[in-house]
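In: Generate a structure from the sequence data that follows.
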Amino acid sequence: MIHTRQFRWPDYDAVVRLWTSAGREVVPRAELEAKLLRDPQLFLVAVAGETVVGVVLGTYDGRRGWILRLAVDPTHRRQGIATRLVADLEAGFAALGCPRVNLLVMPEDTAALRFWQALGYLPFPDVLCSKPMSSAAG
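Out: Numbers count the residues shown, from 1 in each chain. Model prediction:
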């Protein structure tokens with residue numbers, strides 16, 4: 001059974017491995033410490049038993065939310081984990097009153113673009129995808 005929860009520091013090494021395997025930049029501990037002071041509820045992991053199998057990092061500056069560094073362990077892909085992580089993160093944004101969420105997609109990553117579009121994110125020129133949060137749209 002896979003469930004999502006807020007990141008905890010003992011998860012850090014597993015998260016680093018996930019980000020590395022997905023080709024994502026690793027966020028240094030010092031940078032995460034500052035981020036976690038601001039909005040710790042927007043850093044989520046997906047866990048199977050005690051094993052971290054997915055991760056997503058969100059930030060909110062009071063105006064816009066950002067989704068960063070979504071990654072799922074290759075052996076657990078195609079099980080809806082990324083979709084669930086994003087849905088739970090969106091709920092966290094909505095609870096904060098966030099009116100819009102943005103993210104960046106590399107232009108050559110057509111699979112990622114299709115994934116985000118299927119979740120309602122609309123591409124803007126270049127690689128920015130954005131989604132208004134219906135309950136807090138403004």
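In: Which SSE is immediately downstream of the biggest helix by length in the chain?
Out: Of all the segments of type helix in the chain, defined by DSSP state H, the longest one is helix 81-95. Using DSSP states H and E, the helix or strand that follows helix 81-95 towards the C-terminus is strand 100-104.
In: Return, as residue ranges, the portions of the protein with sub-threshold pLDDT.
Out: 125-138 (pLDDT under 70).
In: hang on, the earlier thing: show me what counts as buried in the longest helix of the chain.
Out: I81, A82, R84, L85, V86, D88, L89, E90, G92, F93, A94 (16 or more other Cβ atoms under 10 Å). Where C-beta positions appear, they are placed from N, C-alpha and C, glycine not excepted.
In: Out of those, the closest to Y60 would be?
Out: F93 (6.3 Å; Cβ to Cβ).
In: any idea how far I2 is from the residue nearest the centre of the chain?
Out: With distances taken as Cα atoms, centre = their mean, V56 lies nearest the centre of the chain, 2.9 Å away. Counting by Cβ to Cβ, to the nearest Å, the gap from V56 to I2 is 14 Å.
In: Please apply the same query to V52.
Out: 10 Å.
In: Got the phi and psi for V16?
Out: phi -60, psi -40 (degrees, to the nearest 10).
In: Show me which strand runs longest in this structure.
Out: Longest strand of the chain, by residue count under DSSP state E: strand 51-60.
In: Note down every partner strand of that strand and its orientation.
Out: Paired with strand 51-60 in the same sheet, following DSSP bridges, are strand 43-48 (antiparallel), strand 65-72 (antiparallel).
In: Show residues contacting it.
Out: 2, 4, 7, 11, 14-15, 18-19, 27, 35, 38-39, 42-47, 65-73, 75-76, 81-82, 85-86, 89, 92-93, 96, 98, 101 (Cβ atoms under 8 Å, 6 or more residues apart in numbering).
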